[in-house]
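Student: model this:
(one chain, ligands or ions: 1)
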Amino acid sequence: MKALVLEDVGQALRIKEMDSPAEKEGYVNVRIKAGALNHRDVWITKGMYPGIRPNVILGSDGAGILDGREVIINPNHDWGDNPRVQSKDYHILGLPTNGTFAEEVQVRSDKVFPKPRHLSIEHAAALPLGGMTAYRALFTKCGLRKGERVLISGVGGGVALFAFQFAVAVGAEVWVTSGTEWKIEKAIKMGAAGGINYKNADWKSFGKETGGFDVIIDSAGGDGFMNLVKIANPGGRICFYGGTRGNITSLNPQIIFWKQLSIFGSTMGSDEEFRDMIDFVDEHQISPIIDSVYNLEDANDAFKRMEKGLQFGKIVLNVG
Ligand SMILES: NC(=O)c1ccc[n+]([C@@H]2O[C@H](COP(=O)([O-])OP(=O)(O)OC[C@H]3O[C@@H](n4cnc5c(N)ncnc54)[C@H](OP(=O)(O)O)[C@@H]3O)[C@@H](O)[C@H]2O)c1
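Tutor: Just a heads-up that it's a prediction; the model follows:
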């Protein structure tokens, strides 16, 4: 089978002919039609993930064919039975196990779900990891309710856009940040109440103009995180699932305890949350926003696009 392989950290990805996974009890081989990038894949190529091994096939997101049916794949392995936190054996498809950027992937048979009927195979491939992460952050952790005011930071990101779409779907008042004006404009056309550029933001005025936020979803962390704390409303909930901008260096405990804020970290989601997310997407007929589709042969260009942060939504790889 044709596969996109990371031979070693820091090298360009290469297409190689690999053996199809041998049949295994309890597992199925899905014929992949499309995969999608997550920032995780970029971090792995740079060596910024534990357990990297030579010749790993990357890819956590994928959709394809099993027994003649179109399916999507839950990238979770061994979450365990505690909904609050993953087990110590937890891992994600695409490292250490071979992932979806290949003509075939082997996953446990309970990880395969019928493709939501309203989605194309590319749209379905874009959904799993980002959709699940956004769902847990927004609903399980922050308990977002209709009518609340929510801020999605870095809306151009894959997970962020799912959080945006899900929040709009439940009738929240959704605001966004981005480092690029046209991404803010796009979000407004999709139902955002407004937005601000995090590179030159006047956070005090933004807080006043908007009335502050009940829920804030972030993946940047870094020095800017304290700005989010300042514009959170009393009783507000902030959840971060990434740390793209590094460590949070200045946090004012007085503001956090006086405003009774809850700050959550969140990773991926349980298998139950994956199912709930699919049902939610079905119920609200949500289609993932696809930024671009690349052929597997052009995957290095796709990775560069994500590295440069040029995308608005998911970058899809045409595999099959
Ligand atoms: N814990 C988990 O389970 C989990 C799951 C998925 C992702 N993640 C992590 O979450 C992060 C995003 O993942 P992704 O796949 O959605 O990546 P992505 O599609 O590449 O999105 C990254 C986004 O980060 C935003 N950003 C950059 N600098 C920012 C800043 N200073 N303030 C606010 N936003 C900023 C950008 O938004 P604009 O383009 O709008 O400027 C960019 O689009 C990565 O660090 C990833 O490793 C964690």
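
Student: which bits of the stretch 201-320 of the chain sit near the ligand?
Tutor: 219, 220, 224, 241, 242, 244, 245, 267, 268, 306, 309 (Cβ under 6 Å from any ligand atom). All C-beta atoms are positioned from the backbone trio N, CA, C, and that covers glycine.

Student: closest to the ligand among those?
Tutor: Taking Cβ to the nearest ligand atom as the measure, the ligand lies nearest residue 242 of those, at 2.3 Å.

Student: just the element for the closest one, please.
Tutor: Using DSSP states H and E, residue 242 falls within no helix or strand.

Student: count the neighbours of the residue lying closest to it once chain neighbours are set aside for me.
Tutor: Among residues not flanking residue 242 along the chain, residue 219 sits closest, at 3.1 Å (Cβ to Cβ, 6 or more residues apart in numbering). As a burial measure, residue 219 scores 22 neighbours (other Cβ atoms under 10 Å).

Student: now residue 130
Tutor: Residues near residue 130, counting by other Cβ under 10 Å: 26.

Student: equivalent analysis for residue 113, please.
Tutor: Using other Cβ under 10 Å, residue 113 has 16 other residues around it.

Student: how close does it get to residue 11?
Tutor: Distance of residue 113 to residue 11, computed by Cβ to Cβ, to the nearest Å: 34 Å.

Student: what's the answer for residue 33, then?
Tutor: Distance of residue 33 to residue 11, computed by Cβ to Cβ: 27 Å.

Student: residue 229 now?
Tutor: Here residue 229 is placed at a distance of 40 Å from residue 11 (Cβ to Cβ).

Student: ok, these two, which is more surrounded?
Tutor: residue 229 (20 against 11).

Student: assumed that one was part of a helix.
Tutor: Yes. Applying DSSP: H, G, I helix; E, B strand; the rest coil, one finds residue 229 inside a helix.

Student: contacting residues around the residue nearest to residue 242?
Tutor: Applying Cβ atoms under 8 Å, 6 or more residues apart in numbering to residue 219 gives the contacts 153, 154, 157, 159, 160, 240, 241, 242, 243, 244.

Student: for it, report the pLDDT, please.
Tutor: The model reports residue 219 with a pLDDT of 97.

Student: same deal with residue 141?
Tutor: We have a pLDDT of 98 for residue 141.

Student: for it, give me its contacts.
Tutor: Counting by Cβ under 8 Å, 6+ apart, residue 141 touches 237, 239, 264, 266.

Student: in space, what's closest to the first one - neighbours in sequence excluded?
Tutor: Using Cβ to Cβ, 6+ apart and skipping residues adjacent in sequence, the residue nearest residue 237 is residue 142, 4.1 Å away.

Student: report how many residues lie close to that neighbour.
Tutor: When neighbours are counted by other Cβ under 10 Å, residue 142 comes out with 24.

Student: any idea how far the ligand is from it?
Tutor: Relative to the ligand, residue 142 is positioned 15 Å away (Cβ to the nearest ligand atom, to the nearest Å).

Student: ok, residue 237 next?
Tutor: To the ligand, residue 237 is 17 Å away according to Cβ to the nearest ligand atom.

Student: what's in contact with the helix or strand containing that residue?
Tutor: Assigned by DSSP H and E, residue 237 falls within strand 232-240. For strand 232-240, the external contacting residues (Cβ under 8 Å, 6+ apart) are 137-138, 141-143, 149, 211-221, 225, 228-229, 259-266.

Student: make a ChimeraX selection of the buried ones in those.
Tutor: The ChimeraX command for the buried members of these (criterion: 16 or more other Cβ atoms under 10 Å) is given here:
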select :137,138,141,142,149,212,213,214,215,216,217,218,219,220,221,225,228,229,261,263,266
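
Student: identify those among the contacts of strand 232-240 that sit within helices.
Tutor: Among the contacts of strand 232-240, DSSP state H puts 225, 228, 229 in helices.

Student: now the helices for the stretch 101-250 of the chain?
Tutor: Counting by DSSP state H, counting those that start in this stretch, the segments of the stretch 101-250 of the chain that form helices are 121-126, 128-135, 158-169, 181-189, 203-210, 225-230.

Student: from the residues of the stretch 201-320 of the chain next to the ligand, which two are the most distant?
Tutor: Pairwise distances across those peak at 23.8 Å for 224 and 268 (criterion: Cβ to Cβ).
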